[in-house]
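In: Give me the fold of what follows.
(chains A and B)
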Amino acid sequence: AQKITQTQPGMFVQEKEAVTLDCTYDTSDQSYGLFWYKQPSSGEMIFLIYQGSYDEQNATEGRYSLNFQKARKSANLVISASQLGDSAMYFCAMTPRERSQGNLIFGKGTKLSVKP
Amino acid sequence: SAVISQKPSRDICQRGTSLTIQCQVDSQVTMMFWYRQQPGQSLTLIATANQGSEATYESGFVIDKFPISRPNLTFSTLTVSNMSPEDSSIYLCSVGTSGTYNEQFFGPGTRLTVL
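Out: Presented below is the predicted three-dimensional model:
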């Protein structure tokens, strides 16, 4: 069975600094997909970034990048130049097959607080 | 990306009643899903809403408690039946799109409080 582990319940970062949110996963599948979502206090889930297990390059989307280390089964999210609006819950998730849709398995999340 | 709307955005209901949540997408999508997020918890998949056939439920969720309809490729409903306070959660609709890479988008969610 697949499992996502986020070991940081809460993180603080100073505005304009970079922050890394940790995510490790456990799967026996060779093909899988990894996602990061942001959930502000309003409750909506905002898609940030996706990494496929066969993607050779680390995914990047603007200030977000995914540090994918397949051998270590880690998919850490790096947010550069933090902004006050980045304060939110962040969830790491995976799908059991790289191109599958559905059955996202989520970690418990990390609450990020950006200090001015 | 797909634009997803949900109705209602929030509701307060009495124990024993039922609530139907609607999910509307601005484009045709193959896959639609319903998730539950209990207070302070992560998201858990309830079921996959299949167009033209019965929904596929995850372990721990049953059709009698969470009946789902999917009459077409842009719309789905989730009903929370015979509610109890334990059903107080955020219910989120999600859709999958396929492009150059896999994407899954979520609706704004429905905040349900059961008294």
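In: Quickly list what the residue nearest to the spatial centre of chain A is bridged to.
Out: With distances taken as C-alpha atoms, centre = their mean, residue A:36 lies nearest the centre of chain A, 3.4 Å away. On the basis of DSSP bridges, residue A:36 is bridged to residue A:49, residue A:92.
In: That one: what's it in contact with?
Out: The contact partners of residue A:36, by C-beta atoms under 8 Å, 6 or more residues apart in numbering or on different chains, come to A:21, A:23, A:48, A:49, A:64, A:66, A:75, A:77, A:90, A:91, A:92, A:93. To be clear about C-beta, it is placed using only N, CA and C from the backbone, and glycine gets the same treatment.
In: Among the residues you listed, which pair sits farthest apart?
Out: Maximum pairwise distance in the contacts of residue A:36, criterion C-beta to C-beta, is 14.5 Å, between A:64 and A:93.
In: who's more crowded, these two?
Out: For the pair residue A:64 and residue A:93, the greater number of neighbours falls to residue A:93 (26 against 16), based on other C-beta atoms under 10 Å in any protein chain shown.
In: wait, isn't residue B:112 in contact with residue B:87?
Out: Yes: the criterion here is C-beta atoms under 8 Å, and residue B:112 meets it with residue B:87 at 6.6 Å.
In: who touches both of the two?
Out: residue B:80.
In: Now residue A:108: closest residue in space that isn't a chain neighbour?
Out: The shortest distance from residue A:108 to any non-neighbouring residue, by C-beta to C-beta, 6 or more residues apart in numbering or on different chains, is to residue B:42 (5.1 Å).
In: Roughly how far does the closest residue to residue A:33 other than its chain neighbours sit from residue B:33?
Out: Distance criterion C-beta to C-beta, 6+ apart; nearest residue to residue A:33, sequence neighbours excluded, is residue A:95 at 4.4 Å. Residue A:95 sits 11 Å away from residue B:33, going by C-beta to C-beta, to the nearest Å.
In: and what of residue B:72?
Out: Residue B:72 is 16 Å from residue B:33, by C-beta to C-beta.
In: Close to chain A: what parts of chain B are there?
Out: B:1, B:30-31, B:33, B:35, B:37, B:41-45, B:48, B:58, B:90, B:92, B:94, B:96-98, B:101-109, B:111 (C-beta under 8 Å from any C-beta of the partner chain).
In: From these, list the buried ones, please.
Out: By neighbour count, with 16 or more other C-beta atoms under 10 Å in any protein chain shown, these hold B:31, B:33, B:35, B:37, B:42-45, B:48, B:90, B:92, B:94, B:96-97, B:102-109, B:111 as buried.
In: Just to be sure, which of the residues you listed are found in strands?
Out: Using DSSP state E, the members of those that fall within strands are B:31, B:33, B:35, B:37, B:43-45, B:48, B:90, B:92, B:94, B:96-97, B:102-106, B:111.
In: quick one on the thing from earlier: adding pLDDT, write the contacts of residue A:36 out as CSV.
Out: Below are the contacts of residue A:36 laid out as CSV (pLDDT from 0 to 100):
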residue, pLDDT
A:21, 98
A:23, 98
A:48, 94
A:49, 93
A:64, 97
A:66, 97
A:75, 97
A:77, 98
A:90, 98
A:91, 97
A:92, 97
A:93, 95
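In: Can I get the buried part of these as one ChimeraX selection?
Out: Command for ChimeraX that selects the buried part of the contacts of residue A:36, burial taken from 16+ other C-beta under 10 Å:
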select /A:21,23,48,49,64,66,75,77,90,91,92,93
